[in-house]
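S.K.: Could you work out the structure for the sequence below:
(one chain, ligands or ions: 1)
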Amino acid sequence: MNLKSSKSILALSAVLLFSSCGNQDKKEDSETVVEAESKFLSKPLISHIYTADPSAHVFNGKIYIYPSHDVESVVEEDDSGAHFNMRDYHVFSMESIDSEPKDHGVALDVDDVPWAKRQMWAPDAAEKDGKFYLYFPAKDHDDIFRLGVAVSDKPEGPFEAQPEPMKGSFSIDPAVFQDGNEYYIYWGGIWGGQLQKWRTGEYLSTGDSPYDDEPADDEPAISPMIAKLSNDMLEFGEAPKEIKILDKDGSPILAGDHERRFFEAAWVHKYNDKYYFSYSTGDTHNIAYAIGESPYGPFTYQGVILKPVQGWTNHHSIVEVDGKWYIFYHDTELSGETHLRNLKMTEMTHNADGTIEMIEPILK
Ligand code: FUB
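M.R.: Have a look, this model is predicted:
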C-alpha cells in the first residue's frame, strides 16, 4: 500500500521527440512515462470524504476502521481546536489489508446524541457477545468534553447512543483494549482535550486558555486515564485511575518534556505478553510508545513509532491482521489543511528485542 513501492506515474502523452540520424531529421510520435516520487510513505486510503484518528479492528474476519469525519466548518480556528467541528461518524470496512475501504455511511450523528452539542472527536469501538460498542468524545451543552457510548448489532452500525454520557467521564480520545474477558478504556488529551482541567478531580474553569491548569515543567506530566469497563460495556466498571509513564530510571516523564510526555491519542496493543501503550506527543507531533507488564502500567518510555506526519495532529491505531502488524494514521496530503485529514496505513515491525522499528511517514 505504500507509495515507496508504487511510485505515482505521470504519463506525458504525444511528446514529440526529435533525433538526428545522419543528415536526415526524424520526427517520432511517442509516449514518455515520467515517474514522480511522492514525498509520502503511504497513500491516502479514503479520498471522497476527509477522515482522521483511525481506530482499526478485526471484527467478523474483516478490518473495520472507526475514524473521525473531518469537515470544513464555519467555526474559526482557535487554540482549543474549535475548528475540528465534526458532527458525525462513518465506519469503513476492508475485506483484506490491500482492499479498498468501503464506506458504510453515517453510523452516528450528533443530533442523535441527546447530551452532545458539538465536536465529535476521535472514536473507538469494541465487540462483546455479538454486540458492537462505539465510544466517542463530544462537548456537552456546557462545552465540557465527555465520553459517550452507542450500541449496534453490526460492526458498521448504525449505532444508537445512550441518552447520557458515561458517568464520571471527561476529556477525549477513548480507546478500548480487550485482554481476555476484560475490557479496558483508556482516554485523555491535554490542551483542547481539557484533561488538564480535571487535575483535582473537579472541572477547573479558571480560564478559557487551554494552557491554564498545566503542571509546572518540573512536575510530573498529566497522566492519561484508564478504567475497566462494566460488564454491560456502558459505564466505567471501577474508579478511573491515572497511568504512569516512566523514564527508564523509574522517574515520571515531566510536564516540560514535550518530546516524550503524553498529549492525546492513547492506544494499547499486546505483543509477546507485554502491553504497549502508544500516544501522541502533541506539539512535538510524534507517536511515542511505552511498555508495561499490566494494562494499568506503569509503562516505561521506549521511543517513537511514527515520526511527525504532514499536519499538526498525529493519531494512530495498531492492529494485527493475518500475523502482521499495521499502524493506521492520518496526514493532510489531500487538503494541506490541518483540520481536513485523510487516513493512511503502513506495516509496523516489532524488533527481536520487543522494541518497534521507527516509521518515517515523510520520505527524505
Ligand atoms: O480529531 C480531533 C482531535 O485531533 C483528536 O481527538 C485528537 O486526537 C487529534 O487527532
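S.K.: which residue packs closest to Tyr289, ignoring adjacent ones?
M.R.: Among residues not flanking Tyr289 along the chain, Ser278 sits closest, at 4.1 Å (Cβ to Cβ, 6 or more residues apart in numbering). Using the backbone N, CA and C atoms, a C-beta is placed for each residue, glycine as well.
S.K.: Confirm the one you found sits in a strand?
M.R.: Yes - Ser278 forms part of a strand when assessed by DSSP: H, G, I helix; E, B strand; the rest coil.
S.K.: I'd assumed Ile287 was in contact with it.
M.R.: Yes - between Ser278 and Ile287 a contact is recorded at 5.9 Å, counting by Cβ atoms under 8 Å.
S.K.: Against Leu147, how distant is Glu164?
M.R.: Computed as Cβ to Cβ, to the nearest Å, the Glu164 to Leu147 distance reads 11 Å.
S.K.: wait, Pro298
M.R.: 23 Å.
S.K.: And Met348, by the same measure?
M.R.: For Met348, the distance to Leu147 (Cβ to Cβ) stands at 27 Å.
S.K.: Just give me the neighbour total for Asn231.
M.R.: 11 (other Cβ atoms under 10 Å).
S.K.: Kindly apply the preceding question to Ser152 instead.
M.R.: 18.
S.K.: wait, isn't it in contact with Glu160?
M.R.: Yes - using Cβ under 8 Å, Ser152 is in contact with Glu160, at 6.9 Å.
S.K.: ok so, going back, Pro298 and Leu147: which is more packed in?
M.R.: Neighbour count, other Cβ under 10 Å: between Pro298 and Leu147, Leu147 has more, with 22 against 16.
S.K.: Excluding covalently adjacent residues, which one is nearest to the more buried one?
M.R.: Closest residue in space to Leu147, ignoring its immediate chain neighbours: Ser169 at 3.8 Å, by Cβ to Cβ, 6+ apart.
S.K.: quick one: that neighbour is in a strand?
M.R.: No - secondary structure of Ser169 (three-state DSSP): coil, not part of a strand.
S.K.: got the contact list for it?
M.R.: Arg146, Leu147, Gly148, Trp187, Phe236 (Cβ atoms under 8 Å, 6 or more residues apart in numbering).
S.K.: wait, doesn't His162 sit right on Arg146?
M.R.: Just so we're on the same page, residue 162 is Gln rather than His. No - counting by Cβ under 8 Å, Gln162 stays clear of Arg146, with 11.0 Å between them.
S.K.: Excluding chain neighbours, what is closest to Val176?
M.R.: Ala126 (4.1 Å).
S.K.: do the same with Phe159
M.R.: Closest to Phe159 by Cβ to Cβ, 6+ apart is Ala150, at 3.5 Å.
S.K.: State the helix or strand in which the one you found lies.
M.R.: strand 145-152 (DSSP states H and E).
S.K.: and that strand, what other elements does it pack with?
M.R.: strand 131-140, strand 160-161 (3 or more Cβ pairs under 8 Å, 6 or more residues apart in numbering; DSSP states H and E).
S.K.: pLDDT weak spots in this protein?
M.R.: For the chain, the stretches with pLDDT under 70 are 1-36, 206-208.
S.K.: Can you pull the residues of it lying near the ligand?
M.R.: Residues of the chain lying close to the ligand (Cβ under 6 Å from any ligand atom) are 52-53, 68, 84, 121-122, 172-173, 189, 264-265, 313, 315.
S.K.: and those residues, which of them are in strands?
M.R.: Secondary structure assignment by DSSP state E places Ala52, Asp53, Ser68, Glu264, Ala265 of the residues of the chain next to the ligand in strands.
S.K.: can you redo the residues you listed as CSV with distance to Gly180 and neighbour count?
M.R.: As requested, those are exported to CSV (distance: Cβ to Cβ, whole Å; neighbours: other Cβ atoms under 10 Å):
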residue, distance to Gly180, neighbour count
Ala52, 31, 24
Asp53, 27, 30
Ser68, 29, 28
Glu264, 27, 26
Ala265, 25, 28
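S.K.: His258: how many residues sit nearby?
M.R.: 16.
S.K.: Run through who's touching stretch 192-203.
M.R.: Contacts with stretch 192-203, where a contact means Cβ under 8 Å, 6+ apart, come from 79-82, 84, 121, 137, 144-145, 170-173, 188-190, 204-205, 210, 212-215, 222, 224-225, 264.
S.K.: Can you turn the buried part of those residues into a ChimeraX selection?
M.R.: Restricted to buried positions by 16 or more other Cβ atoms under 10 Å, the ChimeraX selection for those reads:
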select :80,81,82,84,121,137,144,145,170,171,172,173,188,189,190,210,213,214,222,224,225,264
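S.K.: if we can go back for a sec, comparing Gln162 and Arg146, which residue is more hemmed in?
M.R.: With neighbours defined as other Cβ under 10 Å, Gln162 and Arg146 compare such that Arg146 has more, 22 against 17.
S.K.: Wait, the more buried one touches Asp140, no?
M.R.: Yes - judged on Cβ under 8 Å, Arg146 makes contact with Asp140 at a distance of 5.2 Å.
S.K.: quick one: common contacting residues for those two?
M.R.: Common neighbours of Arg146 and Asp140, counting by Cβ under 8 Å, 6+ apart, are Trp115, Ala116, Pro165.
S.K.: Straight-line length of stretch 193-211, end to end?
M.R.: 11 Å (Cα to Cα, to the nearest Å).
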